[in-house]
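> the sequence isn't on hand, but the structure is:
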């Protein structure tokens, strides 16, 4: 059990909640409903001046009336009232608070205020800690280690798959909105911390916590500003030896500076300095949210290529050429296969196939050969470190479309695409390669341009394989993973 | 009616088909089944030595026996047989052929052959023209102008929405596989030509045809090599004055050269020369397939921003900052709003909102205000040329999730999110802005991180709006569109 103070924030047994009412709209009500949906098992004490009951919980007029000292207090009220509430919480003995409301140091002009300073002082006076202001709260998917259905979550209405990826974010979107389509993410969450303005708790605190958190193996951060630069760099360097850190840093443009200032009140730093610092500490940098998610997913799956040599398998020339082109431009190596390997591949492919790298099998209806034999030959060759494989189409799904047509159904005599085995097709085509991939420590990434939730794509994904729908995104991710893997090899 | 010879290829009334059989597998059978699925209304004559009947059509032992001279002959047979068939077709009086089979000039080493030369000579001798070899055939979605259900299509099993986007591609994937998920594309197809090795008909022929084709307003090309460089450039320059050309050119890396050579037999040229030529002729270049599709879709929707000034509307700081950052880095202008506009926006937003650019409304449950008032204020200001809008969430979809929970259903009293109008929400929130967008000639692009097929996302898309799921892709596309729009303004 962690002794870090954030542990208490993430494992409350009781929560007092300011600002929620019985009307569903509004952030406070959304948050308390999220808490309900998440299956939180602790006590919930809404604080409300008028309503005797909020969402089925007995409400209290003030924190003083709450029958215990809650482990956590969540405040979603106008900023002017927050200092008063902090004092009352301090008197009650509360130690951990989250201020969801905005309206603090990000306010400019006439609305500039000293509320942050006031709240920080009260916090110190009472020996409290608080998250925010201007944040969306937490998601802890491991609060109940032996119950993977329930969680502690105020920030999102979705139930997310458990995983080893944790986020600390100065943006609520990067901690929660990115999960709005969990079905298509193939990424599990460990913990997500929206930390807002960082008035009292910052990204360094989160990194310290994640460093020793066993259920966190991959870390994602979104930053507009780093307050404790030196400590951040020391810590990042230490962490990235064992756990990758993927960072979105928004800076370098006038407009983003303006946006950051009005968002978290951050004074964006020199972009080049951040860039250099990230490189030196092994942080994986991205400015793209899709890439952030893709990297998280590949790293969560433990994909650390041993080197930069990529083998491309395709049944169509265009994607092969595009993959090869982008791979080389992104710093990967697309080695021409040895004569020996080419010979083996020639024996395993049709006469029109191209057996160099990319390996283009052209059209091959022997699915077992395409899915299993060809990647195995590459894995066994020792000539590549990672494989990307285009064209894992769901022919059986397509067949279903064809036979809906009366004429085709009447006249076509379809061959069975593979053996007569009673096993599901993914057990024959995907599972052996996942096994071989692990044995050889050579990751494989699939691409199927059919709908990501189409039956065959689903079955590939559910087999535990990494699937992308198109080929742009995986290549650059793989290049970044290779850079990170190389960094780890160098410093170890 | 076009007098270009490709018109005949695309509007056949009768087709002879070599290579198909009654077994569903194999490219020939797939192609004839695609033809059936597409609703092609002409005569189909399979040619087969043994089978008397293929897919319900009477089969003929040779082209000589076919009871008419077919408008088009499609050949999917081993390359060695192709010259003989060409001669027989020539004797029959056939003028238009497609060679789907590979195995011609892309073959290297021992398998190098002179089949291309042989076939080309026969073609000339008989005054024929042919597409391929090594291609996937056509999709003409306008063969029957008054029937938008039927098409002439050999290349894909999907029925695609009709549109104004046409493709000519040296890769079959870029002409057909990219359509494997039509539901999520929001892009209509006019014509798609897979032209393979270009032994007899090349990309220049296709551009000539598209130039005067009324149902083609946006052109996409995939090239590994341009054979008639000078003519290509002249033609491109002429076309891009009126119709945008989006080009994927694969080149510049060793591996892509190798891939191109084994794919279409192309000798890839100097990448920088292509780059410069594209720039000079107003061709929009991309190396990413997703971007190719995104550009096609935005251009198909007629999105030509009047300038590079982008207005960003968001209800969440992170995406606002990321959008602003990427927009500026990609060459767009994110102007700070004038005092006057800021004043208007301040009156229309909550106290925590930031009213510069990005306009961050923070949390606003007044949907009409967010969806309609705010973008209208920007459109009327004259200060921006295009709007990107984050956070058009389907709150009503979320509500449905909440009320599935017994406790929430029992206690929460949800407000109606908008007026009491009986109109569907998209008529209230989306349609007025699409109208205003057209009136002001200021395009608007929406972003909703929920599933792209979730109910609200669907309703936005079906209203005719442009929706993206995340914010990385649209920004770079918009930047490229602005460059193209600027090019057109300059040369006109």
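Received, thanks. This one's a predicted model, so the numbers in the text were calculated from it and none came from an experiment.
> for the strand or helix carrying residue A:205, packing partners?
Using DSSP states H and E, residue A:205 maps to helix A:203-211. If you count contacts as 3 or more CB pairs under 8 Å, 6 or more residues apart in numbering or on different chains; DSSP states H and E, helix A:203-211 packs onto helix A:5-10, strand A:162-169, strand A:218-223, helix A:229-240. C-beta: built from backbone N, CA, C; applies to glycine.
> out of the ones you listed, deepest packed?
By mean neighbour count, with neighbours taken as mean count of other CB atoms under 10 Å in any protein chain shown, strand A:218-223 ranks first of those at a mean of 27.
> and that strand with helix A:203-211, angle?
Orientation of strand A:218-223 against helix A:203-211 (axes from the mean of the first three to the mean of the last three CA atoms, to 10 degrees) gives an angle of 170 degrees.
> residues in contact with strand A:218-223?
A:164-171, A:174-175, A:203, A:206-207, A:210, A:239, A:243-250, A:292, A:296, A:299-300, B:318 (CB atoms under 8 Å, 6 or more residues apart in numbering or on different chains).
> what angle separates it from helix A:229-240?
160 degrees.
> quick check: whichever residue of the stretch 151-300 of chain A sits closest to chain B vs residue A:29, distance?
When distances are taken as CB to the nearest CB, the stretch 151-300 of chain A reaches nearest to chain B at residue A:171, 2.6 Å away. The spacing between residue A:171 and residue A:29, counted by CB to CB, to the nearest Å, is 22 Å.
> of these two, which one has the most company?
Taking neighbours as other CB atoms under 10 Å in any protein chain shown, residue A:171 and residue A:29 compare with residue A:171 leading, 30 against 23.
> roughly how far does the closest residue to that one other than its chain neighbours sit from residue B:340?
In space, residue A:171 comes closest to residue B:318 once its chain neighbours are excluded; the distance is 2.6 Å by CB to CB, 6 or more residues apart in numbering or on different chains. Computed as CB to CB, the residue B:318 to residue B:340 distance reads 28 Å.
> repeat that for residue A:224.
Computed as CB to CB, the residue A:224 to residue B:340 distance reads 28 Å.
> hang on, the earlier thing: in terms of neighbours, single out the busier of residue B:318 and residue B:340.
Regarding residue B:318 and residue B:340, a neighbour count based on other CB under 10 Å identifies residue B:318 as having more, with 31 against 10.
> where does the more buried one sit, in terms of helix or strand?
Using DSSP H and E, residue B:318 falls within helix B:317-329.
> who's in contact with the next helix or strand after that helix?
Next in sequence after helix B:317-329, counting helices and strands by DSSP H and E, comes helix B:339-347. Applying CB under 8 Å, 6+ apart, the set of residues contacting helix B:339-347 from outside is B:337, B:353, B:355-356, B:359, B:374, B:377-378, B:381, B:383.
> among those, which are in strands?
Secondary structure from DSSP state E places residue B:359 of the contacts of helix B:339-347 in strands.
> so where's chain A shaky on pLDDT?
Residue ranges of chain A with pLDDT under 70: A:1, A:252, A:263-269, A:415-421.
> quick one, domains of it?
Domain assignment for chain A, taken from automatic domain parsing, gives A:5-300, A:310-491.
> of these, which is nearest residue B:469?
With CB to CB as the criterion, residue B:469 lies closest to domain A:5-300 of the domains of chain A, at 7.0 Å.
> okay, how far is it across the closest one, tip to tip?
Between the opening and closing residues of domain A:5-300 we find a distance of 26 Å, counting by CA to CA, to the nearest Å.
> okay, strands next: where are they in the stretch 101-250 of chain A?
If DSSP state E, counting those that start in this stretch is used as the criterion, the strands of the stretch 101-250 of chain A fall at A:129-131, A:137-140, A:152-153, A:162-169, A:189-194, A:218-223, A:245-249.
> wait, residue A:213 touches residue A:166, no?
Yes - using CB atoms under 8 Å, residue A:213 makes contact with residue A:166 at a distance of 7.0 Å.
> in the stretch 251-400 of chain A, what residue is nearest chain B?
Counting by CB to the nearest CB, the stretch 251-400 of chain A gets nearest to chain B through residue A:318 (2.6 Å).
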